[in-house]
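> Predicted model and sequence follow; I will ask about them next.
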Amino acid sequence: MSSAASISTVQQMCEQQGLRLTKTRRQVLELIIAADGPVKAYELLDQLKRHDGNNRTTAPPTIYRALDFLLQNHFIHKLESINAYVFCAHPEHRHNGQFLICENCDRVIELHGAGLSRDVAALASSKHFQAKRQVVEVYGTCEHCQH
């Protein structure tokens, strides 16, 4: 999906759900989509300030509020192990985060298998554990870096 199509999808979802995609939220989303890989909150803050010619008095809480909105509405994913964010490849379908992360080039591949999520939920339930969310991150070497 192109950047413009991704933004359009999120905009339409916000309108359908009665959510506000404010200017800052949209800019943060655009920066995450445009990133070559996972991006950290302070990198987003720096980029947002540069984008606005350093005239912006954006503070970290502003970025974190935008990220929280995008996360809560499943438009982005947080890679827990590296505390970074990536765009959700399928925001229109709510799902748990499952990622392959290349240790060489930081490429992130989002997986879309419901089987693993069901298995983890069933295992948690069998232990009388109420799972609230799942994030599976598998580190290794991508196809490109193997050659």
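Structure's in. What do you need? Numbers count the residues shown, from 1 in each chain.
> Tyr139: what's it in contact with?
For Tyr139, the contacting residues are Ser81, Ile101, Cys102, Glu103, by Cβ atoms under 8 Å, 6 or more residues apart in numbering. No exception for glycine: its C-beta is placed from N, CA and C like everyone else's.
> can you name the two of these that are farthest apart?
Spanning the widest gap among those are Ser81 and Cys102, at 13.2 Å by Cβ to Cβ.
> which one of these two has more residues nearby?
Cys102 (18 against 11; other Cβ atoms under 10 Å).
> Can you list the low-confidence ranges for this protein?
By pLDDT under 70, the weakly predicted segments of the chain are 1, 52-57.
> Do a quick rundown of the strands in it.
With strands called from DSSP state E, the chain shows them at 76-79, 84-87, 97-102, 108-110, 135-140.
> Output the contacting helices and strands for the longest helix seen in the chain.
For the chain, the helix with the greatest residue count under DSSP state H is helix 3-17. If you count contacts as 3 or more Cβ pairs under 8 Å, 6 or more residues apart in numbering; DSSP states H and E, helix 3-17 packs onto helix 23-34.
> gap between the helix it packs on and the chain center?
Here helix 23-34 shows a centroid-to-chain-centroid distance of 11 Å under the convention Cα atoms, centre = their mean, to the nearest Å.
> ok so, going back, and the contacts of Tyr139 as a markdown table, adding distance to Pro38?
Below are the contacts of Tyr139 laid out as a markdown table (distance: Cβ to Cβ, whole Å):
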| residue | distance to Pro38 |
| --- | --- |
| Ser81 | 10 |
| Ile101 | 8 |
| Cys102 | 11 |
| Glu103 | 12 |
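> quick one, what contacts the spatially closest residue to Thr62 that is not a sequence neighbour?
Nearest non-adjacent residue to Thr62, counting by Cβ to Cβ, 6 or more residues apart in numbering: Thr24, 6.2 Å away. By Cβ under 8 Å, 6+ apart, the contact set of Thr24 is Leu48, Thr58, Thr62, Ala66.
> Thr24 and Ala4, how far apart?
Thr24 sits at a distance of 19 Å from Ala4 (criterion: Cβ to Cβ, to the nearest Å).
> What residues sit buried inside the longest helix of the chain?
Ser6, Ile7, Thr9, Val10, Met13, Cys14 (16 or more other Cβ atoms under 10 Å).
> Great, nothing more from me.
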